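Engineer: No sequence on hand, only this structure:
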DNA sequence: GCAGCCTAACTGTGATCACAGATCGCCGCA
DNA sequence: TGCGGCGATCTGTGATCACAGTTAGGCTGC
């Protein structure tokens, strides 16, 4: 784990960002990026030391992540990335289908030109990575996430984006760990195709197709992950 | 603000609940109950003193509430209940319609007998309070909330319930403050009627009607609150 | 050589101290 | 009497200390 970047004081002035916020962001990125696998334990002191801060900001960041179930504290008081059971995975997937499906519809209705441009960039980056003979899972994961959130941000509903972020934070470790262990899913899965449909539909303002593409994208990934048998229970 | 209740040690053993958790719950209840009005400032030290704990657990609880925007920290570092603008209110209402509407549908599909019983109790309590000549806003607010969440819990999707709790935490101060200032809304508004429709539809497994009743309930309240002109912007 | 106990290290939690920045009020001056 | 500036106080944030509970490893005894 790398040290936290030292941000210029000017940025620090404009938008009060505490050390706790920075630690929170750092941990969040690692969770969403699949760098922290389900079941992995962590201690406040070790995280603090590796990030070059005291235990205090880490406590705050971890408390927030525990609050929205991105991390969990065992009865032994140990902190770890939650394990994913089949039941929890299916529940999260169902909620995602509703919430993100609505977001896709709404994005098709409200998108601005700048949103479409951002989506196109991410979509090309994802497709370029997926088409490689030996795709780098990390890059694919990142551009996949960026593409989805470019769509969600196009809704103009920050509350909705926040909710979806919470869902990704919970399901991210599994999604991305899975992608790292089975990089071939990038080719076999229809992710790229649904992404193309999604972007085109949002750009055309076709809400129904946008939702359908997103739903198929989520369902395809969920089916694949369930088929690997790596989920508990 | 009252002191935190001393819970029996047995409960404390079963489910590790830290002081920070208790402070969080205490503040959450006050926010959802409308005891803390939008714009109201609070200091960590004063909250800590009034709850009889040190500043430490309060910091953790407030950090969590700030994280999900139930509280906000101003550039001056002051902590307060966020003000509600018309734009934010409408955004929250739109998201609520989607998420809680889905929850109502799902509750109609998955409800158990015990869920229906809990809903009926809350519905009767609400109606009894609303029918009084001088209804106590606090009791009505409480049973209204309990009724809604009895429905949401009937979905069997704790993730969804958590999301809705986050939404209520943000919109609660306005909803409930409004009800306190305009207790006559209990009679004039069609809340009781939609509640009856909602409970009956969930019990009958009629998803479409359940959603419709809930949507009309939310929309009715939203219309009333917008009409009072107490929102900013 | 192996099993069991006991200690030492490590865990999160809470309290206290330290500090920089903002705010408000009081005092002095015109 | 009114205005301006300065200081005391209060704010959140970060660090450090203290502590109880757990865990894991090493040592002792069989």
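Structural biologist: Sure, I can see it. What you are looking at is a predicted structure, and each value in this text was computed from that prediction instead of being measured. Numbers count the residues shown, from 1 in each chain, chains lettered A, B, ... in the order given.
Engineer: Could you use CA atoms for every contact and neighbour count after this?
Structural biologist: Will do.
Engineer: Can you tell me which residues in chain A are near chain B?
Structural biologist: For chain A, the residues in contact with chain B under the definition C-alpha under 8 Å from any C-alpha of the partner chain are A:15-16, A:60, A:63-64, A:67, A:75, A:91-92, A:95, A:98-99, A:102, A:157, A:159-160, A:163.
Engineer: Can you say which of those residues are buried?
Structural biologist: By the neighbour-count criterion of 16 or more other C-alpha atoms under 10 Å in any protein chain shown, the residues of chain A next to chain B include these buried positions: A:60, A:63-64, A:67, A:91-92, A:95, A:99, A:102, A:157, A:159-160, A:163.
Engineer: In TSV, list those residues along with pLDDT and secondary structure.
Structural biologist: Conversion of these to TSV gives the following (pLDDT from 0 to 100; DSSP: H, G, I helix; E, B strand; the rest coil):
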residue	pLDDT	secondary structure
A:60	93	helix
A:63	93	helix
A:64	93	helix
A:67	89	helix
A:91	95	helix
A:92	96	helix
A:95	96	helix
A:99	95	helix
A:102	94	helix
A:157	94	coil
A:159	95	helix
A:160	96	helix
A:163	96	helix
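Engineer: which residues touch the closest residue in space to residue A:85 that isn't next to it in sequence?
Structural biologist: Distance criterion C-alpha to C-alpha, 6 or more residues apart in numbering or on different chains; nearest residue to residue A:85, sequence neighbours excluded, is residue A:232 at 4.5 Å. Under the criterion of C-alpha atoms under 8 Å, 6 or more residues apart in numbering or on different chains, the neighbours of residue A:232 are A:83-86.
Engineer: Just the buried ones from the residues you listed?
Structural biologist: A:83-84, A:86.
Engineer: Show me those residues that map onto helices.
Structural biologist: Secondary structure assignment (DSSP state H) places residue A:86 from those within helices.
Engineer: Okay, domains of chain A per the record?
Structural biologist: Domain assignment of chain A by automatic domain parsing yields the ranges A:9-80, A:86-228.
Engineer: Show me what from chain A comes close to DNA strand D.
Structural biologist: Applying C-alpha under 7 Å from any atom of the strand, one finds that chain A approaches DNA strand D through A:18-20, A:53-57, A:76.
Engineer: could I get those as a markdown table with neighbour count and pLDDT?
Structural biologist: Putting those into a markdown table (neighbours: other C-alpha atoms under 10 Å in any protein chain shown; pLDDT from 0 to 100) gives the following:
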| residue | neighbour count | pLDDT |
| --- | --- | --- |
| A:18 | 11 | 87 |
| A:19 | 17 | 92 |
| A:20 | 20 | 92 |
| A:53 | 17 | 93 |
| A:54 | 16 | 93 |
| A:55 | 17 | 94 |
| A:56 | 13 | 94 |
| A:57 | 19 | 95 |
| A:76 | 7 | 81 |
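Engineer: Can you tell me which of the contacts of residue A:232 is nearest residue A:35?
Structural biologist: Nearest to residue A:35, judged by C-alpha to C-alpha, of the contacts of residue A:232 is residue A:83 at 14.5 Å.
Engineer: thinking that closest one is in contact with residue A:38, fair?
Structural biologist: Yes. Here residue A:83 reaches residue A:38: they are 5.0 Å apart, a contact under C-alpha atoms under 8 Å.
Engineer: all strands for chain A, in order.
Structural biologist: A:41-42, A:72-73, A:79-80 (DSSP state E).
Engineer: Not counting its neighbours along the chain, what's nearest residue A:89?
Structural biologist: In this structure, residue A:89 finds its nearest non-sequential neighbour in residue A:171, 7.4 Å apart by C-alpha to C-alpha, 6+ apart.
Engineer: For the one you found, grab the count of nearby residues.
Structural biologist: 23 (other C-alpha atoms under 10 Å in any protein chain shown).
Engineer: Distance of it relative to residue A:147?
Structural biologist: From residue A:171 over to residue A:147 the distance is 17 Å, taken as C-alpha to C-alpha, to the nearest Å.
Engineer: now swap in residue A:134 and tell me
Structural biologist: Where residue A:147 is concerned, residue A:134 sits at a distance of 21 Å (C-alpha to C-alpha).
Engineer: So which of those two has more stuff around it?
Structural biologist: Applying other C-alpha under 10 Å to residue A:134 and residue A:147 shows that residue A:147 carries more neighbours, namely 24 against 10.
Engineer: Now do the contacts for the residue of chain A found nearest chain B.
Structural biologist: Taking C-alpha to the nearest C-alpha, chain B has its nearest neighbour within chain A at residue A:64, 5.2 Å off. Counting by C-alpha under 8 Å, 6+ apart, residue A:64 makes contact with A:24, B:63-64, B:67.
Engineer: Sketch out the low-pLDDT regions of chain A for me.
Structural biologist: A:1-15, A:186-189 (pLDDT under 70).
Engineer: Contact residues of it facing DNA strand C?
Structural biologist: With the criterion set to C-alpha under 7 Å from any atom of the strand, chain A comes near DNA strand C through A:42-46, A:59, A:63, A:73, A:77-79.
Engineer: Give the buried subset of those residues as a ChimeraX selection command.
Structural biologist: Buried residues within those, by 16+ other C-alpha under 10 Å, are selected in ChimeraX with:
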select /A:44,59,63,73,79
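Engineer: now the residues of chain A next to DNA strand C in CSV, with distance to residue B:120?
Structural biologist: Supplementary listing: these in CSV, determined by distance: C-alpha to C-alpha, whole Å:
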residue, distance to residue B:120
A:42, 45
A:43, 46
A:44, 46
A:45, 49
A:46, 51
A:59, 42
A:63, 36
A:73, 36
A:77, 39
A:78, 41
A:79, 40
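Engineer: Show me the helices in chain A, by range?
Structural biologist: Along chain A, counting by DSSP H, helices occupy A:9-14, A:19-32, A:44-51, A:55-67, A:86-110, A:113-131, A:137-153, A:158-181, A:185-188, A:191-204, A:207-228.
Engineer: Now do the fifth one: which elements does it pack against?
Structural biologist: When contacts are defined as 3 or more C-alpha pairs under 8 Å, 6 or more residues apart in numbering or on different chains; DSSP states H and E, helix A:86-110 packs onto helix A:137-153, helix A:158-181, helix A:191-204, helix A:207-228, helix B:86-110, helix B:158-181.
Engineer: would TSV of those with distance to residue A:130 be doable?
Structural biologist: Conversion of the helices and strands packed on helix A:86-110 to TSV gives the following (distance: least, C-alpha to C-alpha, whole Å):
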stretch	distance to residue A:130
helix A:137-153	7
helix A:158-181	11
helix A:191-204	8
helix A:207-228	14
helix B:86-110	33
helix B:158-181	32
